[in-house]
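Undergrad: Okay, here's the prediction I keep looking at, along with the sequence it came from:
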Amino acid sequence: MMTVSEAAKAFLACDRYLILTHRNPDGDTVGSASAFCRGLRALGKSAYLYRNPQITKTYLPFAEPLFAPEGYVPDVTVAVDVADVRMYPNGYTGRPEYCIDHHGSNPGFAGETCLMAHKASCGEAVLEILKAMNAPIDGDVADALYAAVSTDCGAFQYRNTTADTLRAAAELIELGADHVALNKKLFRTFSRGRLTLEGMVYTTMRQYRDGTLNVAAVSLKMLEEAGAAEEDMDDLASLAGKLAGVEASVTLREMAGGMVKASVRTNGNPDASKVCAKFGGGGHVMASGCSMECTLEEAEARIVAAMLEEWQ
Ligand SMILES: [Mn+2]
């Protein structure tokens, strides 16, 4: 494990960088990678991003101008926000020399890791490292880091948000991040397909246990009728938890091939990871997932029974 100053020293000593984002890329990995890449360039280094084919429309503007050209040969590869080798981006087969991360579960797969598990986002770790390197931080770097920080803490609403998260955001605004435009783009703008689908979810969700358990079931037919694409599915599992009186929620999503994916969210009771373990899944006490091979109706009956059984 490297400290921030050890990481800064190591990064100042290298010259040609390739930066890796993770599989199913989110705002934190893309924003962190983009900012780190631009910061390294401002220090006179050569730096590019691995061409992660899964980056969606929302985050592509941060990444695309920095994608490595065909045949680029780096001296070092740095993974950012990559929690595990299973999270390597599609097509990547190497082993990164360095990793900057904030996932406490990171097993240290890279040569050296700077792990800041107390941070809500990897973006906050990158900000500290860039400052320790005395890298110039311009508006583009600040924008990318603000996107990273704000998306990983759900616009400063998730439980991982701390006073330090807000201080990092404040610092980024002072450094030129356009937080008003970014908040609008990242949190207040949705496709017609997404809004139509949300309407369907809200009007079809069902309550159990005197309204303390809420279940939303999303069928393939609903997706088609709503005109919703894969990129419209972000954070779908948070909708069912918004109903007043709800203590736990389940979001079921019908997948192609007869599978149903379940996302369970609770206040801690029942233990979501125990519920999902019954179906071969897992995760955290308050947020877990699992898959079942059955119809949506069967999945709902099974998971509701499992929830009631685990509920203290
Ligand atoms: Mn992250």
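TA: Yep, it's here.

Undergrad: Tell me which residues touch the residue of the stretch 1-150 of the chain found nearest the ion, please.
TA: Going by CB to the ion, the ion is nearest to Asp28 of the stretch 1-150 of the chain, at 3.4 Å. No exception for glycine: its C-beta is placed from N, CA and C like everyone else's. Residues near Asp28 by CB atoms under 8 Å, 6 or more residues apart in numbering: 81, 121-123, 148-149, 151-152.

Undergrad: What about the ion: which of those touch it?
TA: 81, 122, 152 (CB under 5 Å from the ion).

Undergrad: Who wins on neighbours among those?
TA: Counting neighbours by other CB atoms under 10 Å, Cys122 leads those with 32 neighbours.

Undergrad: pretty sure it is touching Cys99, no?
TA: No: checked against CB atoms under 8 Å, the pair Cys122 and Cys99 is beyond contact range at 9.8 Å.

Undergrad: Need the overlap of contacts for the two.
TA: With CB under 8 Å, 6+ apart as the test, Cys122 and Cys99 both reach Val80.

Undergrad: how about low-confidence regions in the stretch 101-250 of the chain?
TA: The stretch 101-250 of the chain contains no residues with pLDDT under 70.

Undergrad: Show me what the mean pLDDT comes to for the host helix or strand of Cys37.
TA: Following DSSP states H and E, one finds Cys37 within helix 27-42. Averaged across helix 27-42, the pLDDT comes to 98.

Undergrad: For that helix, what is the distance to the chain centroid?
TA: 16 Å (CA atoms, centre = their mean, to the nearest Å).

Undergrad: List the contacts of the helix or strand just after it.
TA: Next helix or strand after helix 27-42 toward the C-terminus (DSSP H and E): strand 46-49. Residues lying outside strand 46-49 but in contact with it, judged by CB under 8 Å, 6+ apart, are 15-21, 33-34, 36-38, 40-41, 63, 66-69, 72, 74.

Undergrad: now do 7 Å
TA: 15-19, 21, 33, 37, 40-41, 63, 66-68, 72 (CB atoms under 7 Å, 6 or more residues apart in numbering).

Undergrad: Using neighbour counts, trim those to the buried set.
TA: Among these, those buried by neighbour count (16 or more other CB atoms under 10 Å) are 17-19, 21, 33, 37, 40-41, 63, 66-68.

Undergrad: Dump those into TSV; add distance to Glu254 as well.
TA: As requested, these are arranged in TSV below (distance: CB to CB, whole Å):
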residue	distance to Glu254
Tyr17	42
Leu18	38
Ile19	36
Thr21	29
Ala33	33
Cys37	39
Leu40	44
Arg41	45
Ala63	31
Leu66	37
Phe67	34
Ala68	38
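
Undergrad: Show me which pair in the residues you listed is furthest apart.
TA: Among the buried ones among the contacts of strand 46-49, the pair separated by the greatest distance (CB to CB) is Thr21 and Arg41, at 16.9 Å.

Undergrad: Count the neighbours of Arg167 for me.
TA: Arg167, neighbours per other CB under 10 Å, totals 11.

Undergrad: any idea which helix or strand comes after the host helix or strand of it?
TA: Using DSSP H and E, Arg167 maps to helix 163-174. The C-terminal neighbour of helix 163-174 among helices and strands, as given by DSSP H and E, is helix 179-187.

Undergrad: ok so, going back, give me the angle between the helix holding Cys37 and helix 163-174.
TA: Between the axes of helix 27-42 and helix 163-174, defined by axes from the mean of the first three to the mean of the last three CA atoms, to 10 degrees, the angle is 50 degrees.

Undergrad: now the angle from helix 27-42 to helix 179-187?
TA: 140 degrees.

Undergrad: where's Val264, which helix or strand?
TA: strand 259-266.

Undergrad: Mind listing the strands that strand pairs with, and their directions?
TA: Applying DSSP bridges, strand 259-266 is found paired with strand 248-255 (antiparallel), strand 287-293 (antiparallel).
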